[in-house]
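Student: structure, please.
(4 chains)
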There are 2 protein chains.
Amino acid sequence: MQKKRVTLADVARLAGLSPTAASMILTGRPDTRLSAEAHAKVHAAAAELGYRPNVAARALRTDQSRSIAFISDYVATTRFASGLIRGALAAADAAKNVLLVLETGGEPARTLRAIEAALDRQVDGVILAAMRAREVFLPDIAISVPTVMLNGTNARLPISVLPDEFEGGRTAVRLLAEAGITDRLVLLGHNPEEERGQFRSEPISRRLAGIRAEMAAQGLTFADELSSWDWEVSNGYDLVRRLLRKDRPRGLLCLNDRLAFGAYQALGEAHLSIPGDVALVSFDNDELASYLRPGLTTIALPHQKMGQLAVELLLNGPLAAGERLVPMSAVSRGSLPATTS
Amino acid sequence: MQKKRVTLADVARLAGLSPTAASMILTGRPDTRLSAEAHAKVHAAAAELGYRPNVAARALRTDQSRSIAFISDYVATTRFASGLIRGALAAADAAKNVLLVLETGGEPARTLRAIEAALDRQVDGVILAAMRAREVFLPDIAISVPTVMLNGTNARLPISVLPDEFEGGRTAVRLLAEAGITDRLVLLGHNPEEERGQFRSEPISRRLAGIRAEMAAQGLTFADELSSWDWEVSNGYDLVRRLLRKDRPRGLLCLNDRLAFGAYQALGEAHLSIPGDVALVSFDNDELASYLRPGLTTIALPHQKMGQLAVELLLNGPLAAGERLVPMSAVSRGSLPATTS
DNA sequence: TGCATTTGCTAAATGGTTTTAGCAAAGGAC
DNA sequence: GTCCTTTGCTAAAACCATTTAGCAAATGCA
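Tutor: Modelled structure (predicted):
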């Protein structure tokens, strides 16, 4: 007993006009010559019947579905990275679009399948997102709709939205310098191969480049650089524990918040106080940063803005090649001593 | 110069058959009488041309879009809750479906808009998800497709997938008892109104009910019950700090992992060791639990399985009313003393 | 008045698939 | 040889909105 869906023809009939007229009026065509009276009648009829256009029919005719695909390697691995989706969702919603979310696990075969599934559904655009910034796999298939990379790069698709890691790196160092932490400074998480851009992540190389640049500008040097391939909590803990056996740092520059959390644990065990004995600055503004005690001062990844920008780029095309860098801003909590100004 | 999309008519022409035949063969109709030769020719032609069906056209004709809507209050508020989406995504993908993700912020107006947007797009089913288990707003609109609640409840829509909180609560207490923690036991996060089911969350009431039931069964009582409206890290810290001023608990039963993390911080400051001085059990298996030192033993919310089940229910209909309870299993890390068996 | 233009609207085609109804040929029963 | 059934396939309608081309009436201009 499902009531049949209301179609445009129903609206037209009730308004005493043709479907043509109803369509033109409801889609708000600019140059039409239909009377004000006709407009009123159609709108009234549509409202009365609760008319909702059939998107499939419209898509068939116009090749536009008002939906865009968000294809990512992982869906919100970090709570914070889910900001990418959230930002995209908000921007899509604002433009009366809808997001098709697909997950690839980073696997080429699934990526291909995901792109095809999206294309089959007539999406108006594709966002290829990476939860952790890095070079992204792009299958060898022509994507016939506008496409942007989000938080990742690929040489074959030079349209991307990225955090401004270089400036972010500089900001972190500046924060330390401004807080008067200028010696016994240790870098946590650096990885030599990484820095040479060999592996993983071009954006992370930029983060390091920014750090180096600002260190030089401030005339500072690191007393030590502890490298680690993974950047998990346990790595931070192990590195700092080992460090504390020989040296006592004054400041720790951690390449992400999880490393910093590990550092907190090691410092706590050694009964060192933050920021009195050791100050910390970190990157990402992971959910963790606000949980720690004292709160962790960190350079935030602007995930939400990035997601939003990606959708806006797609929708407001045409797309120009190039990178859009979104600023990373410092979130000051308690892991740096208050500036004496 | 975009090559035009390959249509079914193209395939039929190449195969030397009618579109009717091609359609029947490619959709795998069971009772057709087309020859084996015809099957071979159509499949060959489709493969050669790289034919992909136009989902919009198919949706128009069949009212089925092979896509389902995942409408949630928040997208992955907790990193862990994103398991809901991930599970749904995996199950959808396995059935060659796609997920339309929409966020409502818990607002009635946005919820209504989201449902309409989904229905406009001919989704085959709707999942109404809540990131934090609770009573969910349901707008007064007829949803013409199969619908399930995920991690939330609503009296008007009695089809839901929920964690088995009652059994989960019992498991937590059993874990403590088995580890020999039977006195100076403190409950952390209980809220009297909550327990009476007045506010927020029916599922959480069940968690408490399970705890009470198993405590009684084991002949145990709580030495103290610390209540708090919010369950953030800082609440756990404050409560335990205050507790330590007068008492020293032997075991802490925390109602979620964030509270437990706060407890870790307070215990650490007081130089109490875990699990030697104080043992902890908690709920959720938030990402946090694995970061802590020692790791936090916690009763996991089976988010991924729940998301998967929700999609499977929709796809394998017909839907019977009722709750599907998904078991919560214990994840043992280091916050309980090893069992002496 | 006669012709051209503008105004206000509609008929019909279109998009790509599924599905209903049915056709022609072959085979079977008698 | 006739009639009925089965086999293998197709023509055409249907789904619903958009859009092109164009029609009839009214208006403008001389």
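Student: the helix or strand encompassing A:Phe70 pairs with which strands?
Tutor: Here A:Phe70 sits within strand A:67-72, counting by DSSP states H and E. If you go by DSSP bridges, strand A:67-72 pairs up with strand A:98-103 (parallel), strand A:125-135 (parallel).
Student: what's the following helix or strand after that strand?
Tutor: For strand A:67-72, the following helix or strand on the C-terminal side (DSSP H and E) is helix A:82-94.
Student: and that next one, what's its mean pLDDT?
Tutor: Regarding helix A:82-94, the rounded mean pLDDT is 92.
Student: I'd like to know which elements it is packed against.
Tutor: Judged by 3 or more CB pairs under 8 Å, 6 or more residues apart in numbering or on different chains; DSSP states H and E, helix A:82-94 is in contact with strand A:67-72, strand A:98-103, strand A:125-135, strand A:147-153, helix A:303-315, strand B:98-103. Just so you know, the C-beta spots here come from the backbone N, C-alpha and C atoms, and that holds for glycine as well.
Student: what about A:Ser335, how many residues close to it?
Tutor: As a burial measure, A:Ser335 scores 27 neighbours (other CB atoms under 10 Å in any protein chain shown).
Student: repeat that for A:Asp73.
Tutor: Neighbour number of A:Asp73 under other CB under 10 Å is 22.
Student: any buried residues in the helix or strand A:Leu119 falls within, and which?
Tutor: Under the criterion of DSSP H and E, A:Leu119 resides in helix A:108-120. Within helix A:108-120, the residues that count as buried by 16 or more other CB atoms under 10 Å in any protein chain shown are A:Arg110, A:Thr111, A:Leu112, A:Arg113, A:Ala114, A:Ile115, A:Ala117, A:Ala118, A:Leu119, A:Asp120.
Student: the closest residue in space to the first one that isn't next to it in sequence: what's it in contact with?
Tutor: Right, the one you point to is A:Arg110. Once flanking residues are discounted, A:Arg110 sits nearest to A:Thr104: 4.4 Å by CB to CB, 6 or more residues apart in numbering or on different chains. Contacts for A:Thr104 (CB atoms under 8 Å, 6 or more residues apart in numbering or on different chains) come out as A:Ile71, A:Ser72, A:Asp73, A:Arg110, A:Thr111, A:Ala114.
Student: pLDDT at the fifth one, what is it?
Tutor: To tie it back to what came earlier, the one meant is A:Thr111. The predicted local confidence for A:Thr111 is 92.
Student: my guess is it contacts A:Ile141. True?
Tutor: No - with contact defined as CB atoms under 8 Å, A:Thr111 does not reach A:Ile141; the gap is 9.4 Å.
Student: so where do the strands sit in chain A?
Tutor: Using DSSP state E, the strands of chain A run over A:67-72, A:98-103, A:125-135, A:147-153, A:159-163, A:185-190, A:224-227, A:251-254, A:279-284, A:298-300, A:322-326, A:330-331.
Student: as CSV, those strands with mean neighbour count and mean pLDDT would be great.
Tutor: As requested, the strands of chain A are exported to CSV (neighbours: other CB atoms under 10 Å in any protein chain shown; pLDDT from 0 to 100):
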stretch, mean neighbour count, mean pLDDT
strand A:67-72, 26, 94
strand A:98-103, 25, 94
strand A:125-135, 24, 82
strand A:147-153, 24, 91
strand A:159-163, 23, 93
strand A:185-190, 24, 92
strand A:224-227, 17, 93
strand A:251-254, 29, 97
strand A:279-284, 28, 96
strand A:298-300, 25, 97
strand A:322-326, 16, 94
strand A:330-331, 16, 97
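Student: Serialize those to CSV and add fields for distance to DNA strand D.
Tutor: Formatted as CSV, the strands of chain A follow (distance: least, CB to the nearest atom of the strand, whole Å):
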stretch, distance to DNA strand D
strand A:67-72, 15
strand A:98-103, 16
strand A:125-135, 18
strand A:147-153, 23
strand A:159-163, 26
strand A:185-190, 53
strand A:224-227, 57
strand A:251-254, 53
strand A:279-284, 44
strand A:298-300, 41
strand A:322-326, 30
strand A:330-331, 45
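Student: put the alpha carbons of stretch A:276-287 into CSV.
Tutor: Extracted in CSV, the C-alpha atoms of stretch A:276-287 (Å, rounded to 0.1, in the frame of the first residue of the first chain):
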residue,chain,number,x,y,z
GLY,A,276,59.3,22.8,34.3
ASP,A,277,62.0,20.2,33.7
VAL,A,278,61.3,19.3,30.1
ALA,A,279,59.2,21.2,27.6
LEU,A,280,57.4,19.6,24.6
VAL,A,281,56.0,20.7,21.3
SER,A,282,54.4,18.3,18.9
PHE,A,283,52.4,17.9,15.7
ASP,A,284,48.9,16.9,14.7
ASN,A,285,46.5,17.9,17.5
ASP,A,286,45.3,14.4,17.9
GLU,A,287,42.5,13.9,20.4
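Student: let me see the contact set for the closest residue to A:Pro249 other than its chain neighbours.
Tutor: Using CB to CB, 6+ apart and skipping residues adjacent in sequence, the residue nearest A:Pro249 is A:Val186, 4.4 Å away. By CB under 8 Å, 6+ apart, the residues touching A:Val186 are A:Phe222, A:Ala223, A:Asp224, A:Glu225, A:Leu226, A:Leu243, A:Asp247, A:Pro249, A:Gly251, A:Leu252, A:Leu253.
Student: again, 10 Å this time
Tutor: A:222-226, A:239-240, A:243, A:247-254, A:263, A:278 (CB atoms under 10 Å, 6 or more residues apart in numbering or on different chains).
Student: and for A:His39?
Tutor: Taking CB under 10 Å, 6+ apart, one finds A:Ala15, A:Ala21, A:Met24, A:Ile25, A:Leu26, A:Gly28, A:Thr32 in contact with A:His39.
Student: same thing but at 7 Å, please
Tutor: Neighbouring residues of A:His39 by CB atoms under 7 Å, 6 or more residues apart in numbering or on different chains: A:Ile25.
Student: any idea how far the residue of the stretch 151-300 of chain A found nearest DNA strand C is from A:Met149?
Tutor: Closest contact between the stretch 151-300 of chain A and DNA strand C, by CB to the nearest atom of the strand, is at A:Leu157 (25.9 Å). Relative to A:Met149, A:Leu157 is positioned 6 Å away (CB to CB, to the nearest Å).
Student: how far away is the residue nearest to A:Pro249 from A:Arg250?
Tutor: On the measure of CB to CB, A:Val186 and A:Arg250 end up 9 Å apart.
Student: tell me, how many residues neighbour the closest residue to A:Leu267 other than its chain neighbours?
Tutor: Nearest non-adjacent residue to A:Leu267, counting by CB to CB, 6+ apart: A:Val278, 5.7 Å away. For A:Val278, the neighbour count with other CB under 10 Å is 24.
Student: in the stretch 201-341 of chain A, what spans have low per-residue confidence?
Tutor: Residues of the stretch 201-341 of chain A that meet the criterion pLDDT under 70 lie in A:201, A:340-341.
Student: mind running it again at 80?
Tutor: A:201-203, A:317-319, A:339-341 (pLDDT under 80).
Student: which bits of it sit near chain B?
Tutor: A:Val233, A:Tyr237, A:Phe261, A:Gln265, A:Gly268, A:Tyr291, A:Arg293 (CB under 7 Å from any CB of the partner chain).
Student: do that again at 8 Å, thanks
Tutor: A:Val233, A:Tyr237, A:Arg258, A:Phe261, A:Gln265, A:Gly268, A:Glu287, A:Leu288, A:Tyr291, A:Arg293 (CB under 8 Å from any CB of the partner chain).
Student: grab the nearest non-local neighbour of the third one.
Tutor: In space, not counting the residues next to it along the chain, A:Arg258 is nearest to A:Val233; the distance is 4.9 Å by CB to CB, 6+ apart.
Student: isn't the one you found right next to A:Tyr264, touching?
Tutor: No - in this structure A:Val233 lies outside contact range of A:Tyr264 using CB under 8 Å: 9.2 Å.
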